[in-house]
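[1] With the sequence up front, the predicted model follows.
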Amino acid sequence: MSFEQDDIRAGGQIRVGSAAICPPIKEGDHKINGSMHAEGPVVFGDPGAEAKNRATLIVNRTDNDDEDCENADRSVWVNGNTFLNGDDGTPYTLLQVGNHFIDGNSQTPATLKIDSVAGRAIDINNGTVWIDDQGEAYFKTGTSGQTLSSRFSQADALGKVFDMPHPTRGKGHRLSHACIEGPEIGVYYRGRVRNEKIIALPSYWKGLVHEDSISVQLQPIGSHQDVIVTRWDIEKIYLQSKGGMPIDCFYHIYAERKDVNPLHVEYEGDTCFDYPDPNHLNKNPNDPKRNLLDPRYRGPRNTITK
């Protein structure tokens, strides 16, 4: 038997299906007015969007041609918190097809918090990239099966190397280069000077380097010019040649940075996190309390040329 009504309003409870007691709605003398129980499946929205019973509650897009209805572009909108408690019905408590956007807030320390005991806390594209329960990151390519932290540790010990396909020899060949290493946090400036007796240094060197750390290498071009450095300051290198002949030479100028504490070349410790200045390694670069010139951790200057 079925009934068809234009409008129905229930001041108490609505029950559909099973006659068993439903504790959450408190049936009986202490019932919660406005509550409802349905045995399911229950379908909201477009009645023909799903061809079979996929869940107790199926929510489809609104499909209502009533002229007073503005069909929404979402099937579910939740104001408030949501709790998902999975069971063994499927492998995943939440299975999503499509993209996901998270707009966090400051209510908790983390926008996304994962407490994993599955072995892999995060798995992207079936093991292309994954993070284990201890927070170690793994990459299917580029690390030869090593964790990211072990790869970084190896790189720290073996030099700052980059490796790339060979630019001229083609497939089957590669090119490997490494950064120059030394006992200072240094910068360089290089080029060629022709028919000039002055090398103008970059204007930003005033705030970047110690003037008394500057060193200069010169290589005359075409002839022996006996080029020498007569003096220097933070803005210019002054040159002189034999007999005042025109100068034509390459130059390479080094200096030690002054916007950070000098490098501690040797120190006691078992890992890089034992470095004497915690500002360099253990703090977020955007931390306002991070001070790369903290006098408590200032070591001796590494290069002095005056």
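    Received it, and whenever you're ready, just let me know what you need.

[2] only C-alpha atoms for contact and neighbour calcs from this point on.
    OK.

[3] Could you check how far the closest residue to residue 295 other than its chain neighbours is from residue 286?
    Among residues not flanking residue 295 along the chain, residue 261 sits closest, at 8.0 Å (C-alpha to C-alpha, 6 or more residues apart in numbering). Residue 261 sits 18 Å away from residue 286, going by C-alpha to C-alpha, to the nearest Å.

[4] Let me see the ranges of the helices in the stretch 1-150 of the chain.
    Along the stretch 1-150 of the chain, counting by DSSP state H, counting those that start in this stretch, helices occupy 148-158.

[5] Any stretches of it with poor pLDDT?
    Where the stretch 1-150 of the chain drops to pLDDT under 70, the residues are 1, 142-146, 148-150.

[6] where exactly do the strands run in it?
    For the stretch 1-150 of the chain, the strands defined by DSSP state E, counting those that start in this stretch cover 14-16, 36-38, 42-44, 57-59, 120-124, 129-132, 137-139.

[7] ok, the residue nearest to residue 295 to residue 187 distance?
    Applying C-alpha to C-alpha to residue 261 and residue 187 gives a distance of 14 Å.

[8] Could you check which of the two has the larger neighbour count?
    Between residue 261 and residue 187, counted using other C-alpha atoms under 10 Å, the more crowded position is residue 261 (22 against 14).

[9] Doesn't the more buried one lie inside a helix?
    No. Residue 261: not assigned to a helix; according to DSSP: H, G, I helix; E, B strand; the rest coil it is coil.

[10] start at 36 instead
    Sounds good: first residue 36 from here, last item residue 296.

[11] list the contacts for it?
    327, 328, 329, 330, 332, 333, 334 (C-alpha atoms under 8 Å, 6 or more residues apart in numbering).

[12] The third one: how many residues sit nearby?
    Spelled out, it's residue 329. Applying other C-alpha under 10 Å, I find that residue 329 has 13 neighbouring residues.

[13] wait, what's in contact with it?
    Residues near residue 329 by C-alpha under 8 Å, 6+ apart: residue 296.

[14] what do you get for the second one?
    The neighbourhood of residue 328, defined by C-alpha under 8 Å, 6+ apart, consists of 294, 295, 296.
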